[in-house]
Structures are given as C-alpha cells and as structure tokens.
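> how would this look folded up:
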Amino acid sequence: MTQDTLFEQLKHPNPNLRKRAMIELAEIRDETTIPRLMSVLDNEDVTYRRAAVVALGIIGVDAVPSIVESLLNSDNVTVRGSCAKALAQIAVNHPDVTFPDQGIQGLKTAIDDPNPVVHIAAVMALGEIGEPAFDILVETLKTTDNVAVAVTSVNALGSSGDERAVEVLTALTQDESVDSYVRESAVSSLGRLDQVIHFKNR
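Okay, the predicted model is just below:
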C-alpha cells in the first residue's frame, strides 16, 4: 500500500483499519512520513489527528525532534497539545527505549504553556515517561501555583511506580499549606502508587 492510501486509512471510521495503517506507516516510512504526520496535527478531523498522534508514537524516538520543535514553537494550541500527547505515546509504545532528553526538556518547558490543554498534556506525558522525568514532576509540584498542574503531577507520580514518589506524596498529604484538593489527590495517589509498586515487584 502506498503512503497516500495509508494516510487516507488514518481517517477511516474502523479503528482496526486505522491501527493497521499506523503500524504499516511506521514500517514503510521514508523521510516524508514524519513531516507529513506532523502536518495532520492541526487537522479539523479529530479521528485523523489522533491517528497521526498514535502513528508518531509507534514510530518512536526518531520523531522526537520534530515533535518538540512544534510543541515549543507552534502558534496552534491543538498542535502543541497533540505534540505533548505524541510524546506520551512514544513513551507508552517504547517502554524499553531510553526517552530522549530533548523530549523530556521540551515537556518541562511546555508545563509553562499558557494553555491548559498543553500544560496538562505535558505533565501527563512526563508521567508516562516515568523515572527519567521524576525530578521534573517533583520540581513542578514545588514551584507551580496552578492547582490543575499540581494535581496532574500528583496523579502522574501516583501512576509512576517509582518508589521515590512515596516520600514525596506522603509529605504532601501532611503539609497543611498545600491546597486541600492537591492533598486529597496525594492521598488517593499514594494508594494507587502502592498497588503499582506491588504489581511491578510481583
């Protein structure tokens, strides 16, 4: 199948066909594939846009430079949000590959993005990256005055399975100066973290 056909299939209502097209695009890609997927990230068609995000995730670390470039420099909020989600997809699809520092630093910068779609997606992506992003998530918790960002950071730490997060979250649950919503999130995240660590060590 040609790239053109596969790109058409990314819009298909059938999720199985879309998935197959994503995998095949990653397999047959050439130097035009990543730029072409990037150009879909502002498309009005949500299905098409999401399929491009997942396809970039399947391609993996080779797509990171292009994604970070748009994450930090695009004027389009939809593109920036999609870029953060694409970085999360790379982490999910390639858990055994060291996540490029360029991607981690890009997401760290994106936490300060004025748009909640972008900064929440950036924190969630750092959560997916896990251990290499741990210090950034902890730093964000200490420095942000945005409750939504703090809660998302707490949830990301709770899902991380990183034993270092136990101490951080426990301290938050006991800190009276912390927003009550953030404290409550820390309590529930501790429970989840315990399960994740337990599951990981089984």
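
> switch to C-alpha atoms for all contacts and neighbour counts from now on
Noted.

> The longest helix anywhere in the chain - contacts with which helices or strands?
Looking across the chain with DSSP state H, the single longest helix is helix 180-200. Contacts defined by 3 or more CA pairs under 8 Å, 6 or more residues apart in numbering; DSSP states H and E place helix 180-200 against helix 147-160, helix 164-173.

> quick one: least confident helix or strand in the chain?
Every helix and strand in the chain was compared by mean pLDDT, DSSP states H and E; the lowest is helix 180-200, with a mean of 92.

> what are the C-alpha coordinates of it, in CSV please?
Listed next in CSV are the C-alpha coordinates belonging to helix 180-200 (Å, rounded to 0.1, in the frame of the first residue of the first chain):
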residue,chain,number,x,y,z
SER,A,180,-6.8,20.7,50.0
TYR,A,181,-7.6,19.3,46.6
VAL,A,182,-3.9,18.6,46.0
ARG,A,183,-3.7,16.9,49.4
GLU,A,184,-6.7,14.7,48.7
SER,A,185,-5.2,13.8,45.3
ALA,A,186,-1.9,12.9,47.1
VAL,A,187,-3.8,10.5,49.4
SER,A,188,-5.6,8.7,46.6
SER,A,189,-2.3,8.6,44.5
LEU,A,190,-0.5,7.0,47.4
GLY,A,191,-2.9,4.2,47.4
ARG,A,192,-2.5,3.8,43.6
LEU,A,193,1.2,4.0,43.8
ASP,A,194,1.3,1.3,46.4
GLN,A,195,-0.7,-1.0,44.0
VAL,A,196,1.6,-0.2,41.1
ILE,A,197,4.8,-0.8,43.0
HIS,A,198,3.3,-4.1,44.4
PHE,A,199,2.3,-5.2,40.9
LYS,A,200,5.7,-4.3,39.5
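
> which residues sit against it?
Applying CA atoms under 8 Å, 6 or more residues apart in numbering, the set of residues contacting helix 180-200 from outside is 147, 150-151, 154-155, 157-163, 165-166, 169-170, 172-175.

> Which pLDDT value goes with residue 70?
Taken from the predicted model, the pLDDT recorded for residue 70 is 98.

> Can you get me a residue count around it?
Number of residues near residue 70 (other CA atoms under 10 Å) recorded here: 20.

> ok, now which ones touch it?
79, 80, 83.

> Look at it and give its secondary structure.
Local secondary structure at residue 70 is given as helix here, using DSSP: H, G, I helix; E, B strand; the rest coil.
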